[in-house]
Every structure is written in C-alpha cells, then in structure tokens.
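> Give me a model of this one.
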Amino acid sequence: MDALFREKNISAPLSAQYDLLEIPSAERKNASQSKYVYRFVCGTILTAVSSGLFLLLWTRLIADYNTTGHLGGRANILMSLGLYTAVLFLMFRALGGYRIGVNRMTNILSAELVAIFMTNFINVLISMAVTGQFRLGFLLLREYSLLALAEGALLTLLTIPMVRCYKKLFPPLSVLEISGEVTNGLSTKVGSRPDKYRILRTIRYQENEEELRKEIEKYDAALINDLPDEEENRILKICFDLNKRVYFTPKLSDIIVRSSENLNLFDTPLYLCRNLGMSDLQRLNKRIFDIVFSSIALLAAFPLMLVTAIAIRLEDHGPVFFKQERVTLDGKRFMIYKFRSMIPEAEKDGRPNPARDHDERITRIGALIRRTRIDELPQFINILKGDMSVVGPRPERWEHVEKYTEAIPEFSYRLKVKGGLTGYAQVYGKYNTSALDKLKLDLEYIMNYSLILDLQIVLETVKILFQKEPTEGFRS
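Next up, the predicted model:
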C-alpha cells in the first residue's frame with residue numbers, strides 16, 4: 001500500500017500542512033459559506049464607493065454647468081446613478097472584479113481598472129442621451145476620465161487589503177490528489193496557487209473503495225488527475241456521496257455534453273446534443289458584430305497604424321506588411337495580415353520558424369509592436385473581408401493543423417467556426433498551453449457561443465494587456 005501513497009513536498013511546514021486536516025468538517029463548511037458573505041460585502045463596498053464618486057461628480061456638474069436646467073432634476077440624477085451602478089455591476093461581474101480571493105490580485109486589479117474605464121466611457125454616451133446635452137460631450141469625456149482615474153486609485157487602495165485580509169481569514173483548501181499512471185503538470189498548476197489549494201497527499205486510483213473513502217474524508221477536496229473513464233466515474237460518485245468538492249479536467253466529450261438539452265419526453269432522462277454549430281441568426285449577428293467592431297477599430301487605430309507603417313518602412317526600407325497562409329472555417333486557407341516585425345528574409349526557406357526569445361531576426365520597431373500587439377492591428381482588414389472573426393480559435397498555419405491533427409484527430413473541431421483575432425484559449429490560456437488544452441478551451445467557446453460571450457472575451461482581451469503573466473492575447 002505504501003507505494004500507492006506519497007506526501008507532497010510543499011513549502012509550508014509539515015505541522016502547518018496537517019493543521020488543515022484537524023479543522024472539523026462543520027467548521028470548514030461554515031468557512032466556505034463565509035467566503036461568499038465576505039466577497040458580497042467587499043463587492044458591495046467597491047460598488048458603493050464607485051457609485052458615490054459618480055454621484056459627487058454629477059452633483060458638481062449640475063452646480064457648474066446646469067445653465068439650461070437639463071442636467072438637473074432629481075429624476076435625471078437618480079436615473080443616471082442607477083444606470084451607472086448597473087453598468088458598473090455588469091462590467092465587474094463579466095471581468096471578475098468581484099472575485100476577491102478567487103483570482104490573483106493582479107487579475108482582480110486589472111479587471112477593476114478595465115471595468116471602471118469601460119463603465120465611464122459607456123456612461124458618457126448614456127449621460128448625453130439622458131440629458132440631451134450632446135454639446136457637452138467633450139466636457140463629459142474629460143470629467144468621466146478624471147472620475148475613472150480617481151475610482152481606479154481608490155479601489156486599488158481598498159482591494160489590496162481586502163485580498164490580504166481574505167488570505168488571513170480563509171486558509172487554503174486541503175486537497176487529496178488521485179492520480180493515474182501518467183504524470184502530468186496538473187498538480188503543479190494547482191500547487192501554483194498555495195493561497196487557495198494545498199495538495200497534501202497523492203494516492204493512486206487503484207486503491208479499493210474503502211481506503212479511498214477513508215482518505216477522501218480527511219480532506220476538503222479531491223483532485224482527479226487523468227484517470228480512465230470508469231475509475232473517474234467511480235471516484236466522482238464517492239465524492240458526491242461524501243459531499244466533497246472534486247476538481248477534474250474535462251474530456252472533449254464532457255465539453256460537448258455540457259451544451260446538451262434536457263428532454264422531458266419519457267420517464268427516463270434524455271439529453272439531446274444537436275451538434276449543428278451556430279444557427280443562421282447567430283452567424284448573421286456575429287458577422288454584423290465583426291463588421292461594426294472592425295470598422296470602428298480601423299478608424300480609431302488609423303493614426304497609429306500610419307505611424308507604425310512609416311516607422312517600419314524607414315527602419316530598413318522593407319515591406320510594411322507581412323502575409324502568411326492560415327486556416328479558418330471548414331479548412332479554408334487565407335492570407336493573414338500583420339505589420340512586419342522581422343527582417344524581410346526571416347523565413348526565406350519557406351519553412352515555419354517561430355520567433356524565439358531575443359530572436360536576432362526581430363527588428364527594433366518589431367520588438368516594440370510585438371510587445372504592444374500593434375503588429376496584429378492589420379488583421380481587422382481580414383475581419384472586414386470575412387476571412388476571420390473578432391473572436392474565435394486562433395487560426396493556425398496549415399503545417400501546424402496537419403501536425404496537431406495527426407496527434408489529436410479532434411483538433412479539426414476548431415475549424416467549425418472562423419478563426420479569430422482573439423479567443424477563449426487566448427485569454428484563458430498561456431503561451432505554453434498544450435495543443436490539447438487549447439483545443440478544449442476553444443471547444444468550450446464553440447459549444448457555448450453567444451454574442452455576450454464574444455463581448456466578454458473582447459473585454460478579457462483588454463484586461464490581459466495589463467497583466468504580466470504571459471498569455472497569447474492577440475499573439476498567434
């Protein structure tokens with residue numbers, strides 16, 4: 001039996017690790033419920049502070065600029081405050097600004113900053129519509145920008161102690177890892193959040209049910225790590241019976257089943273997976289969104305794109321754009337556009353040669369535009385042409401599609417929708433995320449597509465620009 005058990009080598013002292021196991025289950029349950037209360041209180045405070053600052057701004061605007069009487073009136077004030085709070089709440093929820101103790105502090109702060117600036121920009125338009133004072137647009141834009149800066153500073157000062165207090169109040173969950181024969185990096189990924197999880201012991205799934213039950217009961221949660229289907233189902237049922245949390249990575253079939261519809265036609269549960277992809281109406285809505293978004297983006301970014309093009313041309317007198325064949329919906333090939341960031345003959349042999357750290361082929365301007373993702377802006381032309389969407393699986397080179405599909409035949413599932421400038425795998429994955437995990441993330445998007453999800457991913461893309469952790473973002 002000893003061969004089936006092994007202790008985890010983690011940084012906390014052994015006594016501290018097993019203190020987690022000595023907490024009675026009732027207390028752990030109460031602590032879990034208290035987390036939600038704590039997050040609710042923190043979220044209420046953050047929302048109230050932002051709304052209070054907005055109310056102060058609006059009151060001052062009425063005092064200074066209410067010459068026509070249109071800005072004033074209790075109804076206008078209450079309506080503006082209500083709309084501001086509603087938009088702020090939705091933005092915070094969508095981006096994770098309320099997830100105190102769940103997300104990393106940098107993720108929470110970046111989510112709050114993006115949510116604040118997006119809320120204030122939207123409310124410039126709302127305020128002009130509510131008051132009818134469109135001539136005050138530039139004034140409102142200036143005032144709301146200052147409000148956003150004040151909110152960002154104050155909420156940062158509040159959020160940092162909130163997160164630190166959470167960590168002191170709520171200890172990490174004690175986790176039992178139940179692993180298969182093949183060792184992968186899942187436990188390392190989970191262990192990278194010691195503030196939330198402590199994997200204190202690992203056992204093999206071959207242990208009999210009685211021993212498994214005894215071990216699982218000692219911990220807050222179980223981590224199922226790459227088990228055969230039959231064994232995974234067995235352990236899931238044990239955890240359900242013991243009222244224990246269980247974490248596991250979904251298989252591709254699990255992701256497909258999640259989008260199924262429950263049919264109550266017989267005296268037996270029956271699920272339906274239509275597997276038809278997007279409806280005609282969804283495709284139309286997505287295309288309209290792509291055209292409107294890319295048109296606005298190209299107009300807004302035109303000055304920056306013009307300066308970038310001139311800088312690239314002046315540096316080495318080479319071509320401004322770089323074109324490369326990629327694969328999109330149903331395996332269709334197209335030429336993707338980017339600003340050139342490497343020397344003109346970077347791939348003179350015609351074979352894929354991805355950029356490396358400190359790659360000598362990258363020009364000085366190229367290093368800057370790659371770091372800031374400016375090199376991806378010409379892809380809005382691809383979107384306008386219909387080759388790509390704003391949101392979708394990142395279009396790969398044909399050579400990569402063949403390589404990945406040979407190893408993972410289901411990789412072709414990504415071609416059920418158009419490739420995107422950004423996507424689910426880009427905002428929730430990392431640069432070194434495996435091909436299988438990227439496929440699972442992209443399949444989550446494909447099976448759960450909605451216009452709201454597209455908007456959320458766009459906002460998440462903006463958010464990751466503020467984070468140090470390497471994600472793909474707009475990077476192929």
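
> Every contact and neighbour count from this point should use C-alpha atoms.
OK.

> Can you tell me how far the residue nearest to residue 331 when sequence neighbours are not counted is from residue 274?
Using CA to CA, 6 or more residues apart in numbering and skipping the chain neighbours, the partner closest in space to residue 331 is residue 415 (6.2 Å). According to CA to CA, to the nearest Å, residue 415 and residue 274 sit 18 Å apart.

> More neighbours: which of the two?
residue 415 (19 against 9; other CA atoms under 10 Å).

> ok, that one - contacts?
327, 328, 329, 330, 331 (CA atoms under 8 Å, 6 or more residues apart in numbering).

> Tell me how many other residues crowd residue 224.
Residue 224 has 22 neighbours, counted by other CA under 10 Å.

> go on, residue 197?
Using other CA under 10 Å, residue 197 has 17 other residues around it.

> List the contacts of it.
Contact analysis of residue 197 by CA under 8 Å, 6+ apart lists 172, 173, 174, 175, 190, 191.

> Identify all contacting residues around the helix or strand containing the third one.
Just to be clear, that refers to residue 174. According to DSSP states H and E, residue 174 maps onto strand 173-179. By CA under 8 Å, 6+ apart, the surrounding residues in contact with strand 173-179 are 20-21, 187, 196-205, 215-216, 219-227.

> so what strands line up beside that strand?
Strand 173-179 has its sheet partners listed here by DSSP bridges as strand 197-204 (parallel), strand 221-225 (parallel).

> okay, the angle between the helix or strand following the last one and strand 221-225?
Next helix or strand after strand 221-225 toward the C-terminus (DSSP H and E): helix 229-241. Here the directions of helix 229-241 and strand 221-225 differ by 170 degrees (axes from the mean of the first three to the mean of the last three CA atoms, to 10 degrees).

> average model confidence for helix 229-241?
In this model, helix 229-241 has a mean pLDDT of 91.

> Report the strands that pair with the following helix or strand past it, each with its relative direction.
For helix 229-241, the following helix or strand on the C-terminal side (DSSP H and E) is strand 245-248. Strand pairing for strand 245-248, using DSSP bridges, gives strand 221-225 (parallel).

> Give me the buried stretch members for the helix or strand hosting residue 93, please.
Element membership for residue 93 (DSSP H and E) is helix 74-95. Burial within helix 74-95, assessed by neighbour count using 16 or more other CA atoms under 10 Å, is assigned to 76-77, 80-81, 83-85, 87-89, 91-95.

> could you dump that helix to CSV, C-alpha only?
These are the backbone C-alpha positions of helix 74-95, laid out as CSV (Å, rounded to 0.1, in the frame of the first residue of the first chain):
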residue,chain,number,x,y,z
ARG,A,74,-33.9,64.6,-9.2
ALA,A,75,-35.2,62.1,-11.8
ASN,A,76,-32.2,62.7,-14.0
ILE,A,77,-29.8,62.3,-11.1
LEU,A,78,-31.5,59.0,-9.9
MET,A,79,-31.7,57.6,-13.4
SER,A,80,-28.0,58.4,-14.1
LEU,A,81,-26.9,56.9,-10.8
GLY,A,82,-29.0,53.8,-11.4
LEU,A,83,-27.7,53.3,-14.9
TYR,A,84,-24.1,53.9,-13.8
THR,A,85,-24.3,51.4,-11.0
ALA,A,86,-26.0,48.8,-13.2
VAL,A,87,-23.3,49.1,-15.9
LEU,A,88,-20.5,49.0,-13.3
PHE,A,89,-22.0,45.9,-11.7
LEU,A,90,-22.3,44.1,-15.1
MET,A,91,-18.7,45.0,-16.0
PHE,A,92,-17.3,43.9,-12.7
ARG,A,93,-19.2,40.6,-12.9
ALA,A,94,-18.2,39.9,-16.5
LEU,A,95,-14.5,40.6,-15.9
